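J.: After the sequence you'll find the predicted model.
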Amino acid sequence: ADAAAALKAVGDHVMSLGPNGEKPEPASAVSLTDGELATIKGKHAKAAIVMHYAGNDWSQAQIQGLKAEFGKMGVDVIAVTDAGFKPDKQVSDIETVLAQKPDIIVSIPSDPTATATEYKAAAAAGVKLVFMDNVPKGMTAGVDYVSVVSADNYGNGVASALLLGQAMGGKGDVGLVYHAADFFVTKQRYDAVKKTLADYFPDIHVVAEQGIGGPDFAGDAEKAAGAMLVSHRSIKGIWAVWDVPAEGVVAAASTNGRDDLIVTNCDLGENVAIAMASDGVIKGLSAQRPYDQGVTEAMLAGYGLLGKAAPAYVALPALPVTKANLAEAWSQVYHQPVTAKIKKSM
Amino acid sequence: MTDAAALSARKAPSPLSNWREFIIYIGFVVIFAIFAATLGSRGFLDPNNLLNIVRQTAIIAVVSVAMTFVLGTAEIDLSVGAVAGLASVATAMGMDHLGIAGGILCGLGTGVAVGAVNGWLTTGIGIPSFLTTLAMMGIARGVAMWISATAAIPILDKPYAAVFGGGNLGPVPSLLLWMVAVGAVGHVVLRRTTFGRRVLATGGNETSARYSGVDTAAIKFKVLMLSSVAAALAGMLYAGRLHSGRFQFGEGDELSVIAAAVLGGTSLFGGAGTVVGSIMGALLIGLINNGLVLMGLEFSQQLIARGAIIIVAVAISQTRKR
Amino acid sequence: MTDAAALSARKAPSPLSNWREFIIYIGFVVIFAIFAATLGSRGFLDPNNLLNIVRQTAIIAVVSVAMTFVLGTAEIDLSVGAVAGLASVATAMGMDHLGIAGGILCGLGTGVAVGAVNGWLTTGIGIPSFLTTLAMMGIARGVAMWISATAAIPILDKPYAAVFGGGNLGPVPSLLLWMVAVGAVGHVVLRRTTFGRRVLATGGNETSARYSGVDTAAIKFKVLMLSSVAAALAGMLYAGRLHSGRFQFGEGDELSVIAAAVLGGTSLFGGAGTVVGSIMGALLIGLINNGLVLMGLEFSQQLIARGAIIIVAVAISQTRKR
Amino acid sequence: MTATAFPDAVRMTDVSKHFGGVRALDGVSLDVRPGEVHALLGENGAGKSTILKILRGVQPPTSGTVAIGGTPLTTFTAEAARAAGVSMAFQEMSLVPTLTVAQNVFLDREIKRGALIDDRAAIAESRRLFAAMGVAIDPTRRVADIPAGHRQLTEIVKATSQPCKVLVLDEPTTALSANEVERLFDYVRQLRSRGVAVVYVSHRMDEIFRIADRATVLRDGKHVVTAPLADFTLDSMIAAIIGRRSRGFSDVARGTAAIGDVLLEARGLSGQVKPRDVDITLRRGEVVGVAGLLGSGRSSLARLLCGVQPAAAGEIRVKGEPVSIASPRDAIRAGIALVPEDRARQGFVAFHSVESNVALPNLAAVSKGGFVDPRRVAALAEAAIKRLRIKTDSRGAAVRTLSGGNAQKVVIAKWLATEPDVLILDEPTAGIDIGSKSEIVTLIRDLARDGKAVLVLSSELQELLAACDRILVMSDGRVVRDIARHDLDDPGNPESVDALQHAEQKLNQAMQEARGGPAR
Ligand SMILES: Nc1ncnc2c1ncn2[C@@H]1O[C@H](COP(=O)(O)OP(=O)(O)OP(=O)(O)O)[C@@H](O)[C@H]1O
Ligand SMILES: Nc1ncnc2c1ncn2[C@@H]1O[C@H](COP(=O)(O)OP(=O)(O)OP(=O)(O)O)[C@@H](O)[C@H]1O
Ligand SMILES: [Mg+2]
Ligand SMILES: [Mg+2]
């Protein structure tokens, strides 16, 4: 199959299916008329943002997008919580924000099973739920929650794999650094990468795979990559599941004197952007659009308030990034000009 | 450094020196009052919210009761968090194959097994409990991840969930009942039984305790067993509350549990501690977390505020005593 | 603590009793030999891999040197991990606005500031260092998240990165040099200076130390200052290695650091400890991690194996001595 | 003196105990009969405490057998020994500092109501027991907070209140004054009449002659002699103990030192509770003693003078200069050193070596630019060990491995090494054997002769009389008498053999009067 065409395709349409197999709607299908905006403003609604983890660029961009759009809608954001990846903490957070009787909760479940009961309780309390990326077990769109907005995580996996394969000229040994936890988003990427490499690059062989558990993901990734590079000297490329682990891989490459290594990853963070801009070992990455995702989620929450029929599953396509399109990709993702440091490194 | 400072510095960790007895109560009351005044409008005083505080701290409180005994003997158990996670998985898997009773047995069995190993390595081989339980923490977490393939294992059994942390008895959350029950038993055992007395004697001065006829090794074995079983119970409560078993449950709880006990006046150097204090310590932490979320602070600000409040709370009560 | 006699009486068996002195060396050699035999083909003995082990443990080792002093006085510092994260952010931000020298000052300044607060709260107000530093852990982490908006702050300055952990001096990683330098200084200070003696006396029996004219409060203030500054240096090394400052750097390190010290024979009850032991402890943990990754074990299996190996390593040396 | 109608209460045969290289006991046998008080005597480090710990089951012997009431001990555990009827007051005590006095008295044999402990009953019972000893100790206080004397009484009450066939008292009186000792003896006599076998260890010869029926002497872990008290004279007993002739305190030659200018002066010195409004003047070449009953304020005074506790009122002058002494550090700088009364808590770091313990207050002297000179530390330690004949297998041995008396010597040694102008000793010879006692008193005299000033606080009057030129009597926190030593001599025959006993009676009399309050 033709990688280049495939890569182009990834950027245009979404590959993942919804949690219940729904086919994805584009974000462009979601919008609010001025009239609707006015009615929503009139409601002076309260919204809570319940994150699984708030300690990275992705979450922050999401939150910014949400706050910006909610601002336009006159919705008051009363709480932003961070469960630090702990389902029990997230359940507590939901309990606590419910005490403030919010009209809207936008959330990403840290674990679809463990948190389900509490989300159902929230739904039963009449709260309009909009989910990011994943939906708790046993909840149905339109009934229990308004909608789920997802990045095309499968697509991200595909894109980063295609970029890796291309940069390697379609052959050689690679290692994969994945997330050693049953977390929907990262698992989709991992599956996609393995499948894509197999489908498109028969001459690329995965010779090493290492899961990392955190909390020090960069450090774990560095240990993993370091070990791969000493025990498999043939390795030409490494894939990292998101940007923080990728930073660890970059460090490992330099300490092991492998400036020729080829690294790709998911998510566009400033460090990896710099590594790419300065012709470092990062040769490409596949970005999500967290800011737009947040905006879309906010609007769908508006749908909920209005009782307007909402698409069950909205997804934003992956955004393949190389040094060539870095600057514009950055502004697409963060709605801000590329940072001075990245500019400086180009 | 003034000598007064030196004196207080010397007094501070002194077990049972009164301020430790009161810190927690003074701090709790002060902070509760402040939150009630400032967050009333945000539903802080809403009975359901107050019950939330209990729900969110009951599990920590349960383990901190057992930890009071462990610290009382001047040992430590860092494996409680991981054991809770493992027990939650064991319970869920056990239930899949052996039904509800089987599941409960698997959960408790996990606690007993880990406790026996911790106890034997510490008292039998003589490895410092800090190392034993630190290693056990990794082992338990690893086993939990392995047997569950890091996935959450759903528990569909409603009665189990209702009894173990999920449900309510009338208006009262079952978690509250568990906390009160464990707390009451723990309090009586520590204060009024020969076992409790031997625990504090062992921690207060092991040689003296031995000279007085206390089998200190047996005591230490028992308290380590106790804390593992309590941790297992905690895991089962997590499983009930979250309708599933997952290796992550309880992650990092060891620190919260020890913090609760120390806040409650238990000395890390052994020989002193009260169960009621530990429970109050857990509740204080839960109270603060709840209030800070209600305030709508950013997570980063919550971290800062929590640290500051704890310091101030302790400092107030401390200076009160001077 | 006051009941120093009680403590020393209880501690009498363990600290400084020789097995603790040797544990770490025996364990290290045995495990190294096993890995060399089984993982040679996977590049374990490859010089670069051995250097990787050093790189991956040097930062823990550096902090564990300071922690040896803190534990030596029977205090504890749980804030080191968070302070490292904060210092990495402070350094990166400082460099953006004040250039490289400014950045370094910001980093070290963070350590000094936190150390002063920890020291004052512990010795001045008399809050147990466990609570002081636990609270400070939250505060430092929160401040780091806040000022950095949880984002990584890139460091473009090459020379900085080269000196602080990023680069090599010829074939020698700068991290190795830092570890050796800090270790050498720490060893001499603890073993050969009056300060070191006073540290161990303070932890061994605070009352008698005071009677002997040791200003124990001042000593405790200094060691807490020491560990914060070491933590700040660690943060700067993280920053140099990963070319950025990020609040997560050092997360959870407090436990690894204390574990390294305890593995190295330092007593949590104070009065005993060696710097070399602590460094060996850090290296042992790094060695195990590296070997397990080379084996290509799953993350969960690694956790299990690590725990088991630590127990066995300690047990071997332990029974050897019996 | 074998083959009695009924079995010996205690029969220890051929008992040996080795600690690594150290042979603490070497084939020692010990027989104790029911209804006798059996004195166990010996130099510091002779092996007394070791053999008694074996009897109490807290230490297994390396070899040898132990039979109690005719039935041999098969396992050496505290539980087994107690079941066999052995109860013991330990020299280094068996009290848990974090528990209250009452909880300690009844530790491991708590009074219960139903399944639960009845602490109220324990408190009441403790009160009764202390009253019987004629002391008022609050049973609800934590042991960590009560003074050394009270702790020793608690240890005694803890041991004596247990039903037992064999009662072991290992140096129970080191911190007690005459009255408590008398009460203890009354009680011991009661037990004896009830057929209890009592093993009594003390370095106070007068006590031995007052209470013991038979005595066994150990030296260097070997049995020397066992005989009825009647077969001993003071001299022969001392000779048996230390292996050479000596007359104890009577040996001390108290040459009069030249009294010089004032070194230490305190005016209106008061603490929070004790002492109250004390004036003291210490001159060069002068040894001043402080006598008083338990709780009279002696140690409190010492703690003020050495900055352990801040003074509430009053001023301290050193060599005429007013000094503020806020911490022991200031005191040491001002040339004042305190040998504290409670060695285990205040005296040393138990698991640190003799060497580093001796070095601690002398760090300034053995270091240059903050760097400690190991050679000077070693030299200091070796000198100390020689000077006080400390029995230890090396200067590197942990102090906890030393015998009680030798540990006490370490404390004295470490403070002597600071070469202070003013040396304050609180119960300095607690647990120190009769031979060394007179040596230490002689040492004190020598210090005075070298122009130092010495303040000796002691509950053992003979020691005060042997050492001091002047004796202050304290009562209820005040100094109520200031008696010149020679006023206590018997004007008739000052050099008579029992001059000491005579002086002791006079001093005792003065103290009893003093309880009335100041008579000046
Ligand atoms: N735990 C130990 N380790 C090594 N040596 C020890 C230990 N305990 C006692 N010893 C040694 O055994 C010998 C006898 O000690 P013991 O305490 O029985 O003497 P003692 O007769 O009680 O002396 P004292 O009159 O000073 O109390 C001493 O030399 C002491 O150093
Ligand atoms: N190191 C100390 N610091 C503060 N207070 C102390 C200290 N040691 C003892 N105390 C308290 O001071 C009070 C007096 O103690 P102590 O029995 O020494 O009085 P004392 O009359 O001086 O003793 P004695 O006259 O029998 O030597 C007691 O209540 C004791 O608890
Ligand atoms: Mg003895
Ligand atoms: Mg006294």
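T.: Perfect, I can see it now. Ligands and ions are numbered 1, 2, ... in the order given.

J.: going forward, measure contacts between C-alpha atoms and count neighbours the same way
T.: Will do.

J.: buried residues in the lowest-mean-pLDDT helix or strand in chain A?
T.: Sorting the helices and strands of chain A by mean pLDDT, DSSP states H and E puts helix A:3-12 at the bottom, at a mean of 81. With burial defined by 16 or more other CA atoms under 10 Å in any protein chain shown, the residues of helix A:3-12 counted as buried are A:Ala3, A:Leu7, A:Ala9, A:Val10, A:Gly11.

J.: where does chain D have low pLDDT?
T.: Residues of chain D that meet the criterion pLDDT under 70 lie in D:1-6, D:248, D:251, D:256-257, D:493-497, D:516-520.

J.: what residues does it put near chain C?
T.: D:96-98, D:144, D:308, D:327-330, D:332, D:338, D:344-352, D:360-361, D:363-364, D:367, D:370-374, D:400 (CA under 8 Å from any CA of the partner chain).

J.: Quick one: mark the members of those residues that sit in helices.
T.: Counting by DSSP state H, the members of those that fall within helices are D:Pro328, D:Arg329, D:Asp330, D:Ile332, D:Leu363, D:Ala364, D:Pro374.

J.: Around D:Gly20, count how many other residues there are.
T.: Applying other CA atoms under 10 Å in any protein chain shown, we find 7 other residues in the vicinity of D:Gly20.

J.: Now it: phi and psi?
T.: D:Gly20 adopts backbone torsions of phi 50, psi -120, taken as degrees, to the nearest 10.

J.: Would you mind writing the CA trace of stretch B:81-93 as CSV?
T.: Extracted in CSV, the C-alpha atoms of stretch B:81-93 (Å, rounded to 0.1, in the frame of the first residue of the first chain):
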residue,chain,number,x,y,z
GLY,B,81,-1.6,0.8,49.1
ALA,B,82,-0.5,-1.8,46.7
VAL,B,83,-2.1,-4.6,48.8
ALA,B,84,-5.4,-2.8,48.6
GLY,B,85,-5.0,-2.7,44.8
LEU,B,86,-4.1,-6.4,44.7
ALA,B,87,-6.9,-7.4,47.1
SER,B,88,-9.5,-5.5,44.9
VAL,B,89,-8.3,-7.5,41.9
ALA,B,90,-8.3,-10.7,43.8
THR,B,91,-11.8,-10.1,45.1
ALA,B,92,-13.1,-9.3,41.6
MET,B,93,-11.5,-12.3,40.0
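
J.: Now do the strands in chain B.
T.: Defined through DSSP state E, the strands belonging to chain B, from first to last, are B:153-154, B:168-169, B:172-173, B:244-245.

J.: for those, which one ends up most surrounded?
T.: Per residue and on average, the most neighbours among those fall to strand B:244-245, with a mean of 30 (mean count of other CA atoms under 10 Å in any protein chain shown).

J.: Which secondary structure state does A:Gly175 sit in?
T.: Using DSSP: H, G, I helix; E, B strand; the rest coil, the three-state assignment for A:Gly175 comes out as strand.

J.: Which residues of the stretch 1-150 of chain B lie near chain A?
T.: Contact residues, the stretch 1-150 of chain B versus chain A (CA under 8 Å from any CA): B:Arg42, B:Gly43, B:Phe44, B:Asp46, B:Asn48, B:Asn49, B:Asn52, B:Gln56, B:Ala149, B:Thr150.

J.: Confirm for me that the third one is in contact with B:Leu50.
T.: Yes - shown here, B:Phe44 and B:Leu50 form a contact pair, counting by CA atoms under 8 Å, at 7.1 Å.

J.: These two: who's more crowded?
T.: It is B:Phe44, of B:Phe44 and B:Leu50, that has more neighbours when counted by other CA under 10 Å, with 26 against 17.

J.: D:Gly27: how many residues sit nearby?
T.: Summarising burial for D:Gly27: neighbours were counted as other CA under 10 Å, giving 16.

J.: Could you do D:Arg387 as well?
T.: By the other CA under 10 Å criterion, the neighbourhood of D:Arg387 contains 15 residues.

J.: Now do the contacts for it.
T.: Taking CA atoms under 8 Å, 6 or more residues apart in numbering or on different chains as the definition of contact, the neighbours of D:Arg387 are D:Ala413.

J.: could you redo the last one with a cut-off of 7 Å?
T.: Residues in contact with D:Arg387 (CA atoms under 7 Å, 6 or more residues apart in numbering or on different chains): none are found.

J.: who touches A:Lys194 in this structure?
T.: A:Lys194 sits next to no residue when contact means CA under 7 Å, 6+ apart.

J.: Leaving aside the residues adjacent along the chain, what's closest to the residue most central in space within chain B?
T.: Most central residue of chain B, judged by C-alpha distance to the mean C-alpha position with CA atoms, centre = their mean, is B:Ser64 at 2.4 Å. The shortest distance from B:Ser64 to any non-neighbouring residue, by CA to CA, 6 or more residues apart in numbering or on different chains, is to B:Val257 (4.9 Å).

J.: and if you look at A:Phe201?
T.: Nearest-residue entry for A:Phe201: A:Gly170, 5.6 Å, with adjacent residues in sequence omitted and distances by CA to CA, 6+ apart.

J.: Give me the pLDDT value at the one you found.
T.: A:Gly170 is assigned a pLDDT of 90 by the prediction.

J.: number of nearby residues for it?
T.: By other CA under 10 Å, the residues close to A:Gly170 number 17.

J.: That one and A:Leu229: what is the separation?
T.: The span separating A:Gly170 from A:Leu229 equals 20 Å under the rule CA to CA, to the nearest Å.

J.: Isn't D:Asp342 up against D:Ala148?
T.: Yes - using CA atoms under 7 Å, D:Asp342 is in contact with D:Ala148, at 6.2 Å.

J.: circling back to that earlier point, and the residues of chain D next to chain C, which are buried?
T.: Here the buried ones among the residues of chain D next to chain C, as counted with 16+ other CA under 10 Å, turn out to be D:96-98, D:144, D:308, D:327-330, D:332, D:338, D:344-352, D:360-361, D:363, D:367, D:371-373, D:400.

J.: which of those residues come close to chain B?
T.: Filtering those for proximity to chain B (criterion: CA under 7 Å from any CA of the partner chain) leaves D:Val96, D:Pro97, D:Thr98, D:Ser327.

J.: Apart from its chain neighbours, what residue comes closest to the last one?
T.: Okay, so that is D:Ser327. Taking CA to CA, 6+ apart as the measure, D:Ser327 lies nearest to D:Gly307, with 4.2 Å between them; neighbours along the chain are not counted.

J.: Now do the same contact list for that neighbour.
T.: Under the criterion of CA under 7 Å, 6+ apart, the neighbours of D:Gly307 are D:Ile325, D:Ala326, D:Ser327, D:Pro328, D:Ala331.

J.: Check D:Asp186 too.
T.: For D:Asp186, the set of contacting residues under the criterion of CA under 7 Å, 6+ apart is empty.

J.: The strands of chain B: lowest mean pLDDT?
T.: Looking at those, the lowest mean pLDDT belongs to strand B:168-169 (a mean of 85).

J.: Reduced to three states, what does A:Gly126 come out as?
T.: Recorded secondary structure, A:Gly126: coil (three-state DSSP).

J.: How many residues are close by it?
T.: What A:Gly126 shows, counting by other CA under 10 Å, is a neighbour count of 15.

J.: mind checking how far it is from A:Tyr313?
T.: Note on A:Gly126: its distance to A:Tyr313, by CA to CA, is 21 Å.

J.: what residue ranges in the chain score low on pLDDT?
T.: This is for chain A. Low-confidence segments of chain A, defined by pLDDT under 70, are located at A:1.

J.: try again with chain B
T.: Along chain B, the model assigns pLDDT under 70 to residues B:1-23, B:317-322.

J.: tell me the helices in the chain, going along the chain?
T.: In the absence of a named chain, chain A is used. A:3-12, A:34-43, A:57-73, A:87-98, A:116-124, A:153-167, A:184-200, A:217-231, A:243-255, A:270-277, A:290-306, A:326-334, A:340-345.

J.: wrong one, chain B
T.: With DSSP H, the ranges of helices along chain B come out as B:3-11, B:18-39, B:47-72, B:80-119, B:129-148, B:158-161, B:174-192, B:194-204, B:206-211, B:216-241, B:253-263, B:275-294, B:299-321.
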